[in-house]
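>>> 3D, please:
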Amino acid sequence: MPLPLYWLALGAFCIGTETFMIAPLLPAISAELGVTVAAAGQLVTVFAITYAFAAPILATLLGHRDRKALLVGALVAFAAANVVAAAAANFLQLLAGQFLLALAASVFMPGANATAATIVAPESRGRAIAVVIGGLTVAMAFGVPIGSLIGSVFSWRAAFAIVAGVSAISVIGLLFGLSRSAPGPVPTLAQRVAVARRPAVLLALLTTAVWATGVFAFYTFVAPFLSGPAAIDSSYLPLVLLAFGVAGWIGNQAGGRMTDRRGPERTLRLSLLVLACTYVVNGIVGGLGGSPLAGVAVVAAFLVGGMAGWAFHPSQTSRLVHLAPDAPMVALSLNQSALYLGNAAGAALGAVAVAHGGLAQLGWFSAACQIAALAILFAGGAVARRHATAAF
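Modelled structure (predicted):
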C-alpha cells in the first residue's frame, strides 16, 4: 500500500482518539469545570451532532477543492481546535472546542476515504479504505486507553494537547507525502437525499442510528459506571479500555469474515442480539450494587459487547454497498452521519437516564435500543427482499 495511506490513517487515528477519549475523561472534566457528569456528557453530543450534519454539507461545498489542500487544511484546523480545547477556561469554551473539532473531522474523514480510493488501482480500493478506517480501530484499541491514562496521570488537558501534537505530525506527512490530485465527481445534496429516501437504505440507516444510540448511551458514561455501580477502581480504567479496544479489533475481524461466509444480515442479527444480552447483564448488575463479583461480570459483558459491537461495522458496510450498488460512497457517507446522529442521541438520552434514574439505568436503555435496531433490521430485510422480487 502507498505510504500516503498511512499518513491518512494517522489522521484518522487522531480523530478516532479524540472522538472516543472524551468518555473516560468525563469525571475529571466534570470535577475541574464544575459541571455534573451528565452535563459534561453533552461534549459528546455537540461533537457528534455537528459531525452528522456538517459532513454531507461540507463534502458538497468543498468537494471540488484540491484534495491535498483540503485534507491538510482540515487536519491543521483539527490540531488547532485541540489546542483550544486544552486551553479552555470554562465548560462553554470546551464545548466550542468540540464544535470546531467536529467541523474539522467532518471534512477530513470523507476526504481521506475518497483520496484512499483514488491513489490505488481499482482492485485495491477496498484494502486502501480499510487502511484508513483502520486508524479509527487502532484509536479505539490503543488511543483511547492511552488518552485515559494520560488524563489520569497528568490532566484531561494533556490528552487534548498530545492529540494536537500527533495531528501535526500527520500534517507534515501529508504535506510531503501526498501529491496534489484533481477531485473526483461530488454528489450533490439532492443526490444524497435521493439515496437516503430508498426504503431499504433508509431502514438500514435507521438501524445504524438506533444501534449507535444504545452503544453511546452506555459508552459515554462508561467511566462513572465502571467506578460506580460496578465498583472498579478508577486506576484500572485504562487497562479495561485497552482490553475493550482489543476485543473490538477481534470483533471487527470476525465480523468481516462471518459476513463473507454467512452474509451481512445474519452477522448483524447475531451482533445485535449478543450486544443486547451484554447490556442486560450490565442493567442487572448495576441494580444490585457494587461488589467484586459484579465488577467481573460487568467487565466480561463489556468485553463481549466490544466484540459484538465492532462486528456490526463491516457487516453494515457490506450490506449498504449491496443495497446501493450504484452509489456506494454516498450510502457509506450517509451511514457515517447516521452513526454520529446515534452518537449524539445516545449521549443526550444517556445523560437524561443518568440524571433521572442513575447510572444503573444505562444498561436497560442500551439493551432496548439494540432490540429496536434488531426489529428495524428484520423490517429492512423484508423490504429489500420485496424490492428484489419486484425487480424480476
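
>>> Now His64: which helix or strand?
Under the criterion DSSP states H and E, no helix or strand holds His64.

>>> What of Leu175?
Using DSSP H and E, Leu175 falls within helix 156-177.

>>> So which elements touch that helix?
The criterion is 3 or more C-beta pairs under 8 Å, 6 or more residues apart in numbering; DSSP states H and E, and the helices and strands that helix 156-177 contacts are helix 3-33, helix 67-86, helix 144-153. Any C-beta I mention is one placed from the backbone N, CA and C, and that applies to glycine too.

>>> would a markdown table of the ones you listed with mean pLDDT and distance to Pro224 be doable?
Formatted as a markdown table, the helices and strands packed on helix 156-177 follow (pLDDT from 0 to 100; distance: least, C-beta to C-beta, whole Å):
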| stretch | mean pLDDT | distance to Pro224 |
| --- | --- | --- |
| helix 3-33 | 87 | 6 |
| helix 67-86 | 92 | 21 |
| helix 144-153 | 77 | 13 |
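
>>> Now do the same for Arg127: its pLDDT.
If you check Arg127, the pLDDT there is 65.

>>> same thing with Leu359?
pLDDT at Leu359 comes out at 76.

>>> Quote the end-to-end distance of stretch 57-73.
17 Å (C-alpha to C-alpha, to the nearest Å).

>>> do the same with stretch 353-364
Start-to-end, stretch 353-364 (C-alpha to C-alpha) is 10 Å.

>>> How about that stretch, which residues are buried there?
Buried positions in stretch 353-364, judged by neighbour count with 16 or more other C-beta atoms under 10 Å: 353-354, 359-364.

>>> cool, and stretch 82-90?
Result for stretch 82-90 [16+ other C-beta under 10 Å]: buried residues 82-86, 88.

>>> Let me know the distance separating the residue lying closest to Leu5 once chain neighbours are set aside from Val138.
Excluding its sequence neighbours, the residue lying closest to Leu5 (C-beta to C-beta, 6 or more residues apart in numbering) is Val131, at 4.7 Å. Using C-beta to C-beta, to the nearest Å, Val131 is found at 11 Å from Val138.

>>> Equivalent analysis for Gly177, please.
19 Å.

>>> Could you do Ala79 as well?
19 Å.

>>> Please apply the same query to Gly228.
Gly228 is 29 Å from Val138, by C-beta to C-beta.

>>> same check, this time on Gly34
34 Å.

>>> now swap in Thr213 and tell me
For Thr213 relative to Val138 (C-beta to C-beta), the value is 25 Å.

>>> quick one, which of the two is more surrounded?
Using other C-beta atoms under 10 Å as the criterion, Thr213 and Val138 rank with Thr213 on top: 26 against 19.

>>> In three-state terms, label that one for me.
helix (DSSP: H, G, I helix; E, B strand; the rest coil).

>>> got a list of what it touches?
By C-beta atoms under 8 Å, 6 or more residues apart in numbering, Thr213 lies in contact with 342-343, 345-346, 349, 369.

>>> what sits against Leu25?
Counting by C-beta under 8 Å, 6+ apart, Leu25 has contacts 147-148, 151, 156, 159, 223.

>>> do the same with Ala324
By C-beta under 8 Å, 6+ apart, the contact list for Ala324 reads 195, 198, 201, 330-331.

>>> how does this structure divide up, domain by domain?
Per automatic domain parsing, the structural domains of the chain span 1-186, 188-392.

>>> and His64, how many residues sit next to it?
There are 12 residues near His64, going by other C-beta under 10 Å.

>>> before we move on, the earlier item: could I get the buried residues of stretch 82-90 in a markdown table, plus columns for distance to Phe13?
As requested, the buried residues of stretch 82-90 are exported to a markdown table (distance: C-beta to C-beta, whole Å):
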| residue | distance to Phe13 |
| --- | --- |
| Asn82 | 13 |
| Val83 | 18 |
| Val84 | 20 |
| Ala85 | 17 |
| Ala86 | 18 |
| Ala88 | 23 |
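
>>> Just the closest of those to Gly286, please.
Ala85 (30.6 Å; C-beta to C-beta).

>>> wait, the closest one sits on Phe99?
No. Applying C-beta atoms under 8 Å, one finds Ala85 not in contact with Phe99, separated by 10.1 Å.

>>> pLDDT-wise, which helix or strand of this protein ranks last?
helix 125-138 (a mean of 72; mean pLDDT, DSSP states H and E).
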